[in-house]
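Asks: Here is my input; please provide its structure:
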Amino acid sequence: MSAQPPLFPGNAPEVEAAFQAAPEEMVAEILDGELHTFPRPGRPHTRTASRLGVSLGGPFDLGSGGPGGWVILDEPELHLGPRPDKVVPDLAGWRRERMPDAVGSEDAPAHHDVAPDWICEVISTRTERVDRGKKMRIYRREGVRHAWLINPVAQTLEVYRLEDGRWYLLDTHEGDEVVRPEPFEAVELPLPALWAR
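Replies: All right, here's what the predicted structure looks like:
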């Protein structure tokens, strides 16, 4: 009796090699076994992602002016699922009890293989299709409970919650609103700060 081939045999060696060889000025991801590369984000994208990291990091990661209890990372490389998919969200957050040591030992790999509790993708015309499609499906499969999609040009924030294996859009915020989107509703988030020039 011959052994059954594994359901997910891993990413093809040539895909893994291309992922490792991607130039530093590109963002490389492996999604559903396929390599995707994108130019580094444009200025509106990086400005909004950086401002959001500052806005959430103080109260939720450091506990400064907020409840703490989170680990929030910029552009972490995540290896998720059995193949694995290798994704790089713009921001990701883990509840502290799920990641008590965000640094790990000296020989810890650069990537994380624990699915976050929250992700944020800053979408652009180059990345929107993949962010909304393949990446949201991967996050859903891995049980990421909360997702934000931010468009810095349109000045919108879409807030999603995962329930019963489906994404539900809770709200779309825009422009100059001051909001309390979950899972970070303990502190006000002034949207104009995210669009600041």
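
Asks: Now residue 58: closest residue in space that isn't a chain neighbour?
Replies: Spatial nearest neighbour of residue 58, chain neighbours left out: residue 64 (4.4 Å); criterion: CB to CB, 6 or more residues apart in numbering. The C-beta positions use only the backbone N, C-alpha and C, and glycine is treated the same way.

Asks: Tally up the residues packed near residue 151, please.
Replies: Counted by other CB atoms under 10 Å, the residues lying close to residue 151 total 20.

Asks: And residue 86, by the same measure?
Replies: Residue 86 has 22 neighbours, counted by other CB under 10 Å.

Asks: I'd say it and residue 111 touch.
Replies: Yes: counting by CB atoms under 8 Å, residue 86 does reach residue 111; the two are 7.3 Å apart.

Asks: Give me the most central residue, this structure.
Replies: In the chain, the residue lying closest to the centroid (CA atoms, centre = their mean) is residue 89, at 2.9 Å.

Asks: isn't there a strand covering that residue?
Replies: No: using DSSP: H, G, I helix; E, B strand; the rest coil, the secondary structure at residue 89 is coil, not a strand.

Asks: What does residue 60 show for phi and psi?
Replies: Note on residue 60: its backbone torsions stand at phi -100, psi -30 [degrees, to the nearest 10].

Asks: Same question for residue 153.
Replies: Backbone dihedrals for residue 153, given as degrees, to the nearest 10, come out at phi -80, psi -50.

Asks: For it, which non-adjacent residue is closest in space?
Replies: That would be residue 44: by CB to CB, 6+ apart, it lies 5.9 Å from residue 153.

Asks: ditto for residue 119
Replies: Closest to residue 119 by CB to CB, 6+ apart is residue 89, at 4.2 Å.
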